[in-house]
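A.B. asks: Model the following, please.
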Amino acid sequence: MSVRPLADSDFDWVLALSARHERETGKLDAEKLRAMRDASYQTTVIDGQGGYLITFDQDGAYDSPNFLWFKERYPQFAYVDRIVVDPNVRKAGHARALYEHLFERARRDGHSLVACEVNVDPPNPGSDAFHARMGFEEVGWALLGNAKTVRYLTRGL
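C.D. replies: Here you go, the predicted model:
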């Protein structure tokens, strides 16, 4: 499987996939996707429409409360804002491939930490299990203004 940067030609399928997972990841439209991609550390996809990953580093111009939580506490990091894998190809290594690609680039760029959050309420047990397998550890919690509760996780590189 091939991981590559998000292209304009990917927008339709990324937005369709995102719409099916809005509860876990939040609403995404073309304007927001373009802005996120342009401000991101990296935005990657799996060829064949298998999934996508959007990340920011500590210098990203991004106002997500979860990103800002990490920015207040860590001088350097790569932050996973969202990862979505098509349910039809889950358990085939797509999420792992997206993360491994991120880890490789982050190491090369001198990062020593990858950060993310996982919903506690509403629960996301699949994401919890995946991040545990990938070596992430809890570093905090937050109750967000939208009534979501999240766990903050990091993994050293």
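
A.B. asks: any chance you could map the strands in this protein?
C.D. replies: In order along the chain, the chain carries the following strands (DSSP state E): 3-5, 42-46, 51-57, 78-85, 113-121, 137-143, 149-156.

A.B. asks: Would you format those as TSV with distance to Ser18 included?
C.D. replies: For every residue, glycine as well, the C-beta is placed using N, CA and C. TSV is the format used below for the strands of the chain (distance: least, CB to CB, whole Å):
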stretch	distance to Ser18
strand 3-5	17
strand 42-46	12
strand 51-57	8
strand 78-85	6
strand 113-121	15
strand 137-143	23
strand 149-156	18
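
A.B. asks: Show me the one of those strands that comes nearest His21.
C.D. replies: Comparison of the strands of the chain against His21 by CB to CB identifies strand 78-85 as nearest, at 5.0 Å.

A.B. asks: as a whole number, average confidence for the closest one?
C.D. replies: Taken as a whole, strand 78-85 has a mean pLDDT of 95.

A.B. asks: Quick one: work out the angle between it and strand 149-156.
C.D. replies: Strand 78-85 and strand 149-156 are oriented at 110 degrees to each other (axes from the mean of the first three to the mean of the last three CA atoms, to 10 degrees).
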